[in-house]
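Asker: coords below, sequence missing:
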DNA sequence: ACGGCATTTCAAAGCGCTTTGGATGGCCGC
DNA sequence: GCGGCCATCCAAAGCGCTTTGAAATGCCGT
């Protein structure tokens, strides 16, 4: 059943039927009712390909997914997808994932914009002065950044969590407990979130006249193994830190293993605070020593990103508003006063 | 630059240009060269929306993503996506994720098929007599199942790993080491993969005249917490098992924690074998006691699914061939002879 | 020289929608 | 009674491609 058939059935023109269905004012209420009734009765659904060709709108949102033989997609991504689904599910909003060579995402960005494959896109895990953000801005496609990018000469819409505040507060708490040697095991420090976190730690230490020594800061991709390695290196040296702040539960897993290998008991010999993105499959309260965390649900952020993207597509939102979400500090058994 | 402009520029008809570009035989080689040259020079790229309307082919593959407030997407999914990207990256093949209410995926399946939004789709984590498989089959859209579904009255194309064989071999090894009380901590046993795994364990035990007692089998969603709970229950009872086989590294994490809480040392008091889907962020060799595993990369499967889907779209593959991949058994320190 | 047959090219008709630029008719005031 | 103005509705022209059916061209044998 297509528009032509439906309009013939109703003895109306395609124009009128189209307008009635799309809520244009120049059609009488009675006609509109007749049309919508008939459409529903016959299960008419406009063909998206045709609509798309006519309007140039795709009705989908896009994500350029960096891939490569040595590129692993971060497990945080599924949390984001869950959140995106939370919103999109009820709105017939689909997401198109365009895999791109991580070395050259630009080509893919240009392709999907030129092809009008999506109406808006979201950009995740931004770097400072992120090229993708600059590109999306320049290409004029609606987008939202999940995270932030510093050093761009224009404003852009984003949602981010208060990484600096979270790590500041976590560190301050440790300092208040008497820790003087605090280390940071961070994620990839070319990404903005990691830069903010480091900043938060430094600031909290500085407030008490302490510094984050270069040897006490590690930056790696967030895996169990990297957490373990970093922790070993930190804890085996002289003047080992008495407290560690880390960027991911996955790393925390490795840190706990390292502490155990070194016969350090937590929290007696080592205090640990981790950031928690809220996974359903690994929870900080279920570590052998329940973990103190800074917590913020990526899933919730995903839902919000989808919502704002939808709003931008339909013209309900514009401008470059940035949202910064506060982060919970959840205290559990993994920290204590320094011996 | 569209087809019309290009054809005018070349003083050819749109027909000829279109055919030249799409490799039809009824155009002379010289003309074809002229056309492809000009197309490249002017950066002509056919408008996918128009092509789609004309041909009905979308050039994308689809996945209906079950979501819901209480539905969490499995972290295994990112591994699959990485693999899919491995193939799709070089082929300009995009994936559209259509979030659906987990209670009612059918509506979404029907929508994307009716709308011709995708040319083919893949179905993951199938149940027995899976409705989605039946539906896709009935709707006549090309698809591939990642995993298997039993009890369907037709054949369908799939790729799966030899879950039964893997768990059989793992269990047989434990039995050979003298274990008589072997337990299984499985994933959701309404899913086919879990049924096969249980079957494998039972068969191996039966071969030595042993049985898998009902109290020694647990089936839960694969999280650390569920692994812990299941292990506690198993290990605290009378006649506790001396060996456990489990379906996921995430559960293994919980099992190890439970053993530690109960002061059971591994492998002395407890042997453990886990299935490993190959995550980059959590590796069995980096458990405090390196884990013996049955290993099969989901990522590799993802790439293969994408490849076969592409082949089906372009007509290079048809029929209902099922691929069953063998699984590696990797022996590490977490198993030993029974005391 | 001419019909027959490939080979190569083309004009035009879709695909199913949106949107422009009128038409039509009823109702108003004068 | 008539011009003007809404309120409705419509025919037709896109959107940019593919594909059908036919025309033009060149070459063959006879």
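Answerer: Looks like it came in fine. Predicted model, so just to flag it, every value in this text is computed and none were measured.
Asker: what about the residue lying closest to residue A:172 once chain neighbours are set aside, which SS state?
Answerer: Excluding its sequence neighbours, the residue lying closest to residue A:172 (C-beta to C-beta, 6 or more residues apart in numbering or on different chains) is residue A:204, at 4.3 Å. C-betas here are computed from N, CA, C, even on glycine. State at residue A:204, reduced to three classes by DSSP: H, G, I helix; E, B strand; the rest coil: helix.
Asker: for residue A:204, what are its contacts?
Answerer: A:167-172, A:175 (C-beta atoms under 8 Å, 6 or more residues apart in numbering or on different chains).
Asker: distance of the residue positioned nearest the centre of chain A from DNA strand D?
Answerer: Closest residue to the average C-alpha location of chain A: residue A:146 at 4.5 Å, with C-alpha atoms, centre = their mean. According to C-beta to the nearest atom of the strand, to the nearest Å, residue A:146 and DNA strand D sit 32 Å apart.
Asker: and that residue, what does it touch?
Answerer: Residue A:146 neighbours (C-beta under 8 Å, 6+ apart): A:80, A:122-126, A:158-160, A:301-302, A:305.
Asker: biggest separation within these, which pair?
Answerer: Using C-beta to C-beta, the contacts of residue A:146 span at most 15.5 Å, a distance reached by A:126 and A:302.
Asker: tally of neighbours for residue A:203?
Answerer: 16 (other C-beta atoms under 10 Å in any protein chain shown).
Asker: surely it is in contact with residue A:165?
Answerer: No - counting by C-beta atoms under 8 Å, residue A:203 stays clear of residue A:165, with 9.5 Å between them.
Asker: how about stretch A:59-66 and chain B, any contact?
Answerer: Yes - for a cut-off given as C-beta under 8 Å from any C-beta of the partner chain, stretch A:59-66 has contacts with chain B, namely A:60, A:65.
Asker: avg pLDDT for that stretch?
Answerer: Taken as a whole, stretch A:59-66 has a mean pLDDT of 96.
Asker: residue numbers of chain A in contact with DNA strand D?
Answerer: Contact residues, chain A versus DNA strand D (C-beta under 7 Å from any atom of the strand): A:11-16, A:26-31, A:50, A:53-54.
Asker: show me where the stretch 51-200 of chain A has its helices.
Answerer: Using DSSP state H, counting those that start in this stretch, the helices of the stretch 51-200 of chain A run over A:76-88, A:105-114, A:131-139, A:163-176, A:192-207.
Asker: can you pull out the strands in the stretch 201-339 of chain A?
Answerer: Taking DSSP state E, counting those that start in this stretch as the criterion, the stretch 201-339 of chain A carries its strands at A:217-219, A:243-246, A:271-276, A:292-295, A:322-325, A:328-330.
Asker: minimum distance to DNA strand C: which of the ones you listed has it?
Answerer: Evaluated over the strands of the stretch 201-339 of chain A, closeness to DNA strand C peaks at strand A:322-325, with 30.8 Å, by C-beta to the nearest atom of the strand.
Asker: what comes up buried for the closest one?
Answerer: Of all the residues in strand A:322-325, not one is buried under the rule 16 or more other C-beta atoms under 10 Å in any protein chain shown.
Asker: that strand pairs with which strands, parallel or anti?
Answerer: Partner strands for strand A:322-325, per DSSP bridges, with pairing direction: strand A:158-161 (parallel).
Asker: how close does residue A:99 get to DNA strand C?
Answerer: Counting by C-beta to the nearest atom of the strand, the gap from residue A:99 to DNA strand C is 28 Å.
Asker: skip the chain neighbours and tell me the closest residue to the residue in chain A that DNA strand C sits nearest to.
Answerer: Distances between chain A and DNA strand C by C-beta to the nearest atom of the strand are smallest at residue A:3, namely 2.8 Å. Distance criterion C-beta to C-beta, 6+ apart; nearest residue to residue A:3, sequence neighbours excluded, is residue A:14 at 5.2 Å.
Asker: ok, back up a step: now, which of the contacts of residue A:146 sits nearest residue B:314?
Answerer: For the contacts of residue A:146, the nearest to residue B:314 is residue A:122 (30.4 Å; C-beta to C-beta).
Asker: so that closest one touches residue A:309, yeah?
Answerer: Yes - between residue A:122 and residue A:309 there is a contact under C-beta under 8 Å: 6.2 Å.
Asker: what do those two both touch?
Answerer: By C-beta under 8 Å, 6+ apart, residue A:122 and residue A:309 have these common neighbours: A:61, A:143-144.
Asker: if you rank those residues by neighbours, which is first?
Answerer: Most surrounded of the shared contacts of residue A:122 and residue A:309: other C-beta under 10 Å gives residue A:144, at 27 neighbours.
Asker: beta partners of it?
Answerer: Beta-bridge pairing for residue A:144 (DSSP bridges): residue A:122.
Asker: thought it was touching residue A:158?
Answerer: Yes - when contacts are counted by C-beta under 8 Å, residue A:144 is listed as touching residue A:158 (6.3 Å).
Asker: all set now, cheers.
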